[in-house]
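S.K.: Sequence first, predicted model second:
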Amino acid sequence: VPDAAAVLLGLAGEKDEAAARQRRHCVALLLRAQGKAGGWGPYATSPPEAFDTALAMLALRTEALAAAARRRGRAWLLEAQEAGGHWPE
């Protein structure tokens, strides 16, 4: 998940076909890897963690098809946030 998010962030603004193909691949991977609860873990089969969820949401921020995934991720982050304003490690 972090690798796909990093590639997606790194290719932001690139318009050639190879970059577009790689972006589509990364978006699809991130959408498949989102957990049922709404967050992302370091791997598609891992439980969600705050860092990986935030990174995936940043990477998907400009993807129109990912709006629902971002909403679910935001809801997961809000639910997971502890009273002191931090998230579990």
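M.R.: That came in fine, so what should we check first?
S.K.: ok, and Ala28, which helix or strand is that part of?
M.R.: helix 17-33 (DSSP states H and E).
S.K.: Next, the angle helix 17-33 makes with the next helix or strand after that helix.
M.R.: Heading C-terminal from helix 17-33, the first helix or strand you meet, by DSSP H and E, is helix 50-59. Relative orientation of helix 50-59 and helix 17-33, computed by axes from the mean of the first three to the mean of the last three CA atoms, to 10 degrees: 140 degrees.
S.K.: okay, helix 50-59 in PDB with CA atoms only?
M.R.: Backbone C-alpha positions of helix 50-59 (Å, rounded to 0.1, in the frame of the first residue of the first chain) are rendered in PDB as follows:
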ATOM      1  CA  ALA A  50      -3.400   5.500  10.800                       C
ATOM      2  CA  PHE A  51      -0.200   6.100   8.800                       C
ATOM      3  CA  ASP A  52      -1.100   3.900   5.900                       C
ATOM      4  CA  THR A  53      -4.600   5.200   5.800                       C
ATOM      5  CA  ALA A  54      -3.400   8.800   5.800                       C
ATOM      6  CA  LEU A  55      -0.900   8.100   3.000                       C
ATOM      7  CA  ALA A  56      -3.400   6.300   0.900                       C
ATOM      8  CA  MET A  57      -5.900   9.200   1.300                       C
ATOM      9  CA  LEU A  58      -3.200  11.700   0.300                       C
ATOM     10  CA  ALA A  59      -2.400   9.700  -2.800                       C
END
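S.K.: how big is the angle separating the helix or strand just after it from helix 17-33?
M.R.: Of the helices and strands lying after helix 50-59 in sequence (DSSP H and E), the nearest is helix 67-80. Helix 67-80 runs at 50 degrees relative to helix 17-33, counting by the same axes, to 10 degrees.
S.K.: now for helix 67-80, which elements pack on it?
M.R.: Applying 3 or more CB pairs under 8 Å, 6 or more residues apart in numbering; DSSP states H and E, one finds that helix 67-80 contacts helix 50-59. For every residue, glycine as well, the C-beta is placed using N, CA and C.
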